[in-house]
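**Q** Structure of the sequence below:
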Amino acid sequence: MKKALIAVAIASTWAFGAQAMTASETRASDGSVAKVAEARKKAAEDKTDANYAAAKERCDALSGASKDACVNDVKANLGE
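**A** Numbering: from 1, shown residues only. Coordinates of the predicted model:
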């Protein structure tokens with residue numbers, strides 16, 4: 001009896017695994033992969049913009065030639 005229950009448990013586990021793979025393949029084919037890639041790209045752009053703004057804001061504490069050099073460094077390293 002125990003062997004039969006173990007066999008059923010193993011068979012159902014395999015069936016569930018195959019069903020899960022099919023569901024993930026379906027999600028990938030409906031465009032969600034492209035949506036994830038687009039979201040990651042947007043997040044990277046937002047992070048770059050935030051880093052640029054923060055670095056430029058640190059330059060505000062300076063004045064004169066030091067501030068100009070700081071702003072130029074920020075633009076050169078992080079782009080505008």
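**Q** So what's the residue count around residue 52?
**A** By other C-beta atoms under 10 Å, 16 other residues sit near residue 52. (Glycine included, C-beta is placed from N, CA and C.)
**Q** how about the nearest residue to it, chain neighbours excluded?
**A** residue 78 (4.4 Å; C-beta to C-beta, 6 or more residues apart in numbering).
**Q** likewise residue 48?
**A** residue 78 (6.8 Å).
**Q** Show the contacting residues for that neighbour.
**A** The contact partners of residue 78, by C-beta atoms under 8 Å, 6 or more residues apart in numbering, come to 48, 51, 52, 55.
**Q** Return the members of those classed as buried.
**A** 52, 55 (16 or more other C-beta atoms under 10 Å).
**Q** Okay, and which of the contacts of residue 78 map to helices?
**A** Judged by DSSP state H, helices contain the following of the contacts of residue 78: 48, 51, 52, 55.
**Q** Format the residues you listed as CSV; extra columns: distance to residue 61 and pLDDT.
**A** Shown next, in CSV, are the ones in helices among the contacts of residue 78 (distance: C-beta to C-beta, whole Å; pLDDT from 0 to 100):
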residue, distance to residue 61, pLDDT
48, 22, 90
51, 17, 91
52, 17, 89
55, 12, 89
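**Q** Any figure for the gap between the residue nearest to residue 48 and residue 53?
**A** 9 Å (C-beta to C-beta, to the nearest Å).
**Q** Helices of the chain, start to end?
**A** Using DSSP H, the helices found in the chain span residues 2-29, 32-59, 64-78.
**Q** residues of the shortest one that come out buried?
**A** Which is helix 64-78. Result for helix 64-78 [16+ other C-beta under 10 Å]: buried residues 70, 71, 74.
**Q** any weak-confidence spans in this protein?
**A** Counting by pLDDT under 70, the chain contains low-confidence ranges at 1-30, 80.
**Q** Who are the contact partners of residue 58?
**A** Residues in contact with residue 58 (C-beta under 8 Å, 6+ apart) are residue 70.
**Q** mind running it again at 10 Å?
**A** Residue 58 sits next to 70, 74 when contact means C-beta atoms under 10 Å, 6 or more residues apart in numbering.
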